[in-house]
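A.B. asks: Sequence first, predicted coordinates after that:
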Amino acid sequence: DAGVTQSPTHLIKTRGQHVTLRCSPISGHKSVSWYQQVLGQGPQFIFQYYEKEERGRGNFPDRFSARQFPNYSSELNVNALLLGDSALYLCASSSSIAGGQETQYFGPGTRLLVL
Amino acid sequence: GDSVTQMEGPVTLSEEAFLTINCTYTATGYPSLFWYVQYPGEGLQLLLKATKADDKGSNKGFEATYRKETTSFHLEKGSVQVSDSAVYFCALIGRMYSGGGADGLTFGKGTHLIIQP
């Protein structure tokens, strides 16, 4: 079975632009979470979606938004890009809402560079 | 809030040496604990996990024991190989909220492990 897939793999944008990142979870998984990993740091939690509803949100500004589609794939949108948004964006899926014993499985990430 | 502290690297060892990477945490309640590994240019792979006190997670020769009394989850391996060179992340996740909400994983900053032949 395919793992978590993300697209695109790399992206270059300029300040002020908007970006959309996409994620397809493992088949049968209904929960998708998004993380931002700045170079040299651990990933930071942005959002969790389960059954197309937002179930958790990290400490990120409103420029960050996401949604989950009926097939459980997800998009992360970032508006008004800043240089500090340059990072590896990771998507993770789990079979149920992540918490407690649920394991999250990560995709390869999308590397975003903001110039 | 929840936090994870792990030893910062790089940690450089010779092949077949014993490995310990320390990890301590702060969290309310009884979190689940994880070790993830990240190879160069790749995403995160789950290495092992433990969901309650005194549980031992193990995989590929790596082990870690959930110690509630010391709030620790140290990663160990008896004999490392060059192929173990990677960045290792300790992480935790709390329980779900009563309203069905949930937080994500809280990660440490990562430990870069370098194994020399």
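C.D. replies: Structure's in. What do you need?

A.B. asks: contacting residues around the residue nearest to residue A:89 when sequence neighbours are not counted?
C.D. replies: Leaving aside its sequence neighbours, residue A:89 sits nearest to residue A:110 (CB to CB, 6 or more residues apart in numbering or on different chains; 4.8 Å). The way it works is simple: take the backbone N, C-alpha and C, and place the C-beta from them, glycine included. By CB atoms under 8 Å, 6 or more residues apart in numbering or on different chains, the contact set of residue A:110 is A:6, A:7, A:8, A:9, A:10, A:11, A:21, A:88, A:89.

A.B. asks: do the same with residue A:31
C.D. replies: A:25, A:48, A:49, A:50, A:55, A:93, A:94, A:95, A:96, A:97, A:98, A:102.

A.B. asks: Verify the stated contact: the last one with residue A:55.
C.D. replies: When you say that, I think you mean residue A:102. No. Contact criterion CB atoms under 8 Å: residue A:102 and residue A:55 do not qualify, at 11.8 Å.

A.B. asks: So these two - more neighbours on which side?
C.D. replies: The residue with more neighbours, out of residue A:102 and residue A:55, is residue A:55; 23 against 17, by other CB atoms under 10 Å in any protein chain shown.

A.B. asks: Quick check: mean pLDDT of the helix or strand where the more buried one lies?
C.D. replies: Residue A:55 belongs to strand A:53-57 when assigned by DSSP states H and E. Averaging pLDDT along strand A:53-57 gives 89.

A.B. asks: do stretch B:38-57 as well
C.D. replies: Averaged across stretch B:38-57, pLDDT comes to 91.

A.B. asks: now the end-to-end length of it.
C.D. replies: 18 Å (CA to CA, to the nearest Å).

A.B. asks: Can you give me the buried ones in it?
C.D. replies: B:38, B:43, B:44, B:46, B:47, B:48, B:49, B:50, B:51, B:57 (16 or more other CB atoms under 10 Å in any protein chain shown).

A.B. asks: Residues in contact with that stretch: which ones?
C.D. replies: Against stretch B:38-57 from outside (CB under 8 Å, 6+ apart): A:4, A:43, A:90, A:92, A:100-101, A:103-109, B:30, B:32-37, B:58-60, B:62-68, B:73, B:75, B:86-89, B:110.
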